[in-house]
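Q: could you work out the structure for the sequence below:
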Amino acid sequence: MIGLTLSFLILSSLSAIYLATQHSQQTQTAIITLIENSRIAKSFLKSALKNNKLENNKLEIKYYFIEKTNRKDETGAPVYALYRQDTTSKPFKKIELVEGVNEMKMKYAVLENHQLVEYPADQITDYSKIRGISIKLLFSSLNQTHLEKSEYVYVAL
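A: Below you'll find the predicted structure:
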């Protein structure tokens with residue numbers, strides 16, 4: 001009887017350790033995915049803002065936006081992603097760049113009284129005073145471990 005009780009205690013302890021380890025691994029995977037997705041998205045956006053170029057006397061325009069994908073995460077919620085739409089080819093090509101991006105907010109840095117002040121686009125009256133752009137991205141994990149991460153991209157113009 002004592003042996004059976006000890007066996008039960010050891011087995012339940014091992015089960016608890018296994019479940020804790022599994023949850024820890026899911027959390028670590030979610031964190032790594034968030035960090036990697038934010039790094040990739042920031043790289044795309046910085047490159048896009050710094051490398052505006054003319055090709056054959058045509059301005060190359062690419063739109064970046066957040067849109068719902070056709071996928072769902074482990075909890076059944078829709079997955080959103082950062083997309084780029086290229087306007088140089090017809091029909092316009094939409095490319096998914098990074099999944100797990102739920103929100104993108106842009107503000108413009110304007111020089112006022114020797115200080116940079118950020119404003120949303122609808123509050124800008126003189127676009128010649130814009131000195132930079134800030135972009136806030138909100139990322140979320142795609143597994144059952146709910147994590148969110150905000151990243152900021154600043155580009156001087």
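
Q: for I135, which residues make a bridge with it?
A: Beta-bridge partners recorded for I135 (DSSP bridges): M106, V153.

Q: ok, now how distant is it from N37?
A: Per C-beta to C-beta, to the nearest Å, I135 is found 15 Å from N37. Where you see a C-beta, it was placed from the backbone N, CA and C, and this is true even at glycine.

Q: out of these two, which sits in the more crowded spot?
A: It is N37, of I135 and N37, that has more neighbours when counted by other C-beta atoms under 10 Å, with 24 against 19.

Q: isn't that one right up against E99?
A: Yes: between N37 and E99 there is a contact under C-beta atoms under 8 Å: 6.9 Å.

Q: so where do the helices sit in this structure?
A: With DSSP state H, the ranges of helices along the chain come out as 2-50.

Q: now for it, the helix or strand with the poorest mean pLDDT.
A: Every helix and strand of the chain was ranked by mean pLDDT, DSSP states H and E. The lowest is strand 54-55, at a mean of 48.

Q: what sits against D73?
A: 79, 141-143 (C-beta atoms under 8 Å, 6 or more residues apart in numbering).

Q: for PyMOL, write the select line for the buried members of these.
A: The following PyMOL line selects those of these that are buried, judged by 16 or more other C-beta atoms under 10 Å:
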select buried, resi 79+141+142
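
Q: nearest to Q26, out of the contacts of D73: which one, please.
A: Proximity of the contacts of D73 to Q26 (C-beta to C-beta) peaks at N143, which lies at 5.7 Å.

Q: now that closest one: closest residue in space that isn't a chain neighbour?
A: E74 (4.9 Å; C-beta to C-beta, 6 or more residues apart in numbering).

Q: count of neighbours near that neighbour?
A: Using other C-beta under 10 Å, E74 has 11 neighbouring residues.

Q: can you pull the contacts of it?
A: 142-144.

Q: between those residues, which sits nearest Y154?
A: Of all the contacts of E74, L142 has the smallest distance to Y154: 26.9 Å, by C-beta to C-beta.

Q: from P78, how far out is that closest one?
A: Distance, L142 to P78, by C-beta to C-beta: 11 Å.
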